[in-house]
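Colleague: I'll drop the sequence and a predicted model, then ask my questions.
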Amino acid sequence: MTFKDLYDTQPEVTAQAPGRVNLIGEHTDYNDGFVLPAALPLRTRVELARRPGRAVRVWSAAFADQPPLIFTLEITSAAQDWADYVRGMVWALGGGALERGFDIRIESTVPLGSGLSSSAALLIAVGRALRTAFDLTLDDLQLAQLARKAETDFVGAPVGIMDQMACSLADTSAALFIDTRTLVHEKVPLPNGAELLVIDSGVRHSHASGEYRIRRDECHRAAALLGVAALRDVAERDLNLIDALPEPLNRRARHVITENARVLAAVEALKAGDLKEVGRLFLASHASMRDDFEVSIPAVDSLVESARAMKSVYGARLTGGGFGGAIVALTERGRAREAGKLIVAEHNRRHRDLAAVVVT
């Protein structure tokens, strides 16, 4: 349905935000560490028009059979439905920032639950639309911080800042290196000789689920036992101290600490155009997520193994929080589409959950 069909008026503002793929640096952001995401050509698009009164009406093409959901600007708690991401941005902005209600229509090509930040893309797209419609003085970093507040404190998903910063600040021409403690960030161009391939495993995941929370809590417990503010403060030379931690905290900490080192190494390898080294780091990252952090699943492992067996693929890894979602692979330029078809065909012969190429 068009905006006119839904609300009998035309939109005043159109805004959009990309999904993101994390090249390397998983579960490091909530440990004050380093991450290296990039924006995807997949996008969430929002149309908005202001309306009299304090009511807000929201509709999404992902739930096209449902009528618009209605709430007011005076929001105090989540309703446990998809529109909580819109409510969350209104709540994070504070009711006083918006002098009147609005109507909103949402559509997206970012697949839900794929580990490609569909929720952050929605938050940023909504935030951009509200910023324009109500002439709010917010830069892109402040918008990312508000989006994270909405997702963590209102929706209840204990995520780090990476997704929101990537969806707000990144583009498709470069990776975005982020120090999540200081929020200092730098664009790192992708070498001309390579391209990215993203494959969705078909297994959905949720950041609000219990396992993600457990991993975060385990990291914080490990940091407390090591006497540091965050695992970011422990270096690889201190792995002997980590090994002395009780199971599974030792393995959780080892993943975060070695993953931080891999992010820094990947940034240098990309700058040097060393694609083989980037691929090696991808594979090492996946092994760490599978064995030490235990967030991978057999379907995702199968995709990574199929990818690494191809000569045109430098390396592959689970991307996103885990327990399903997608993989990212680094391939020779011009070979991603062909590689994706072969990897998906091989995978789908052997698994019930059907994988699909998302980006080449």
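Modeller: Great, that's in hand. Remember, it's a predicted structure, so these values are computed and weren't measured experimentally. Numbering: from 1, shown residues only.

Colleague: Just the buried positions in the helix or strand in which Arg251 is found, please.
Modeller: Here Arg251, judged by DSSP states H and E, is contained in helix 249-272. Within helix 249-272, the residues scored as buried using 16 or more other CB atoms under 10 Å are 249-260, 262-267, 269-270. For the C-beta atoms, the positions are set from N, CA and C on the backbone; glycine is no exception.

Colleague: how near is the residue nearest the centre of the chain to Ala144?
Modeller: Closest residue to the average C-alpha location of the chain: Ser117 at 3.5 Å, with CA atoms, centre = their mean. Note on Ser117: its distance to Ala144, by CB to CB, to the nearest Å, is 11 Å.

Colleague: so what sits against both of these two?
Modeller: Shared contacts of Ser117 and Ala144, defined by CB atoms under 8 Å, 6 or more residues apart in numbering, comprise Cys167.

Colleague: Wait, Phe102 touches Gly53, no?
Modeller: No: between Phe102 and Gly53 there is no contact, the gap being 10.2 Å when judged by CB atoms under 8 Å.

Colleague: which strands and helices sit next to the helix or strand containing Ile124?
Modeller: According to DSSP H and E, Ile124 maps onto helix 118-133. Judged by 3 or more CB pairs under 8 Å, 6 or more residues apart in numbering; DSSP states H and E, the packing partners of helix 118-133 are strand 13-24, strand 34-50, helix 84-93, strand 102-108, helix 140-149, helix 162-169.

Colleague: Let me have those in TSV, adding distance to Met1 and mean pLDDT as columns.
Modeller: Below are the helices and strands packed on helix 118-133 laid out as TSV (distance: least, CB to CB, whole Å; pLDDT from 0 to 100):
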stretch	distance to Met1	mean pLDDT
strand 13-24	16	97
strand 34-50	11	97
helix 84-93	17	96
strand 102-108	8	98
helix 140-149	26	97
helix 162-169	25	96
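
Colleague: which of these is buried the deepest?
Modeller: Across the helices and strands packed on helix 118-133, averaging neighbours per residue (mean count of other CB atoms under 10 Å) puts helix 162-169 on top, at a mean of 29.

Colleague: Gly320 contacts Gly115, doesn't it?
Modeller: Yes: shown here, Gly320 and Gly115 form a contact pair, counting by CB under 8 Å, at 2.2 Å.

Colleague: quick one, which of these two is more surrounded?
Modeller: Gly115 (31 against 25; other CB atoms under 10 Å).

Colleague: If I follow the layout properly, that one ends up in contact with Thr319?
Modeller: Yes: the criterion here is CB under 8 Å, and Gly115 meets it with Thr319 at 5.5 Å.

Colleague: Quick check: neighbours shared by those two?
Modeller: Common neighbours of Gly115 and Thr319 (criterion: CB under 8 Å, 6+ apart): Gly325, Ala326.

Colleague: Select, out of the helices and strands packed on helix 118-133, the one closest to Leu283.
Modeller: strand 13-24 (10.6 Å; CB to CB).

Colleague: which other helices and strands contact the closest one?
Modeller: Judged by 3+ CB pairs under 8 Å, 6+ apart, strand 13-24 is in contact with strand 34-50, helix 118-133, helix 162-169, strand 194-200, helix 249-272, helix 275-291, strand 313-319, strand 326-332.

Colleague: Make JSON lines out of the ones you listed and add distance to Ala150.
Modeller: As requested, the helices and strands packed on strand 13-24 are arranged in JSON lines below (distance: least, CB to CB, whole Å):
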{"stretch": "strand 34-50", "distance to Ala150": "14"}
{"stretch": "helix 118-133", "distance to Ala150": "6"}
{"stretch": "helix 162-169", "distance to Ala150": "9"}
{"stretch": "strand 194-200", "distance to Ala150": "25"}
{"stretch": "helix 249-272", "distance to Ala150": "25"}
{"stretch": "helix 275-291", "distance to Ala150": "27"}
{"stretch": "strand 313-319", "distance to Ala150": "23"}
{"stretch": "strand 326-332", "distance to Ala150": "23"}
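
Colleague: Of all those, which one is nearest Ser60?
Modeller: Evaluated over the helices and strands packed on strand 13-24, closeness to Ser60 peaks at helix 118-133, with 8.6 Å, by CB to CB.

Colleague: pLDDT averaged over the closest one - what is it?
Modeller: Averaged over helix 118-133, pLDDT sits at 97.

Colleague: Show me how far it is from its chain's centre.
Modeller: Mean C-alpha position of helix 118-133 versus that of the full chain (CA atoms, centre = their mean, to the nearest Å) differs by 15 Å.

Colleague: what ranges of this protein fall below the confidence cut-off?
Modeller: Residue ranges of the chain with pLDDT under 70: 95, 205-209, 353.
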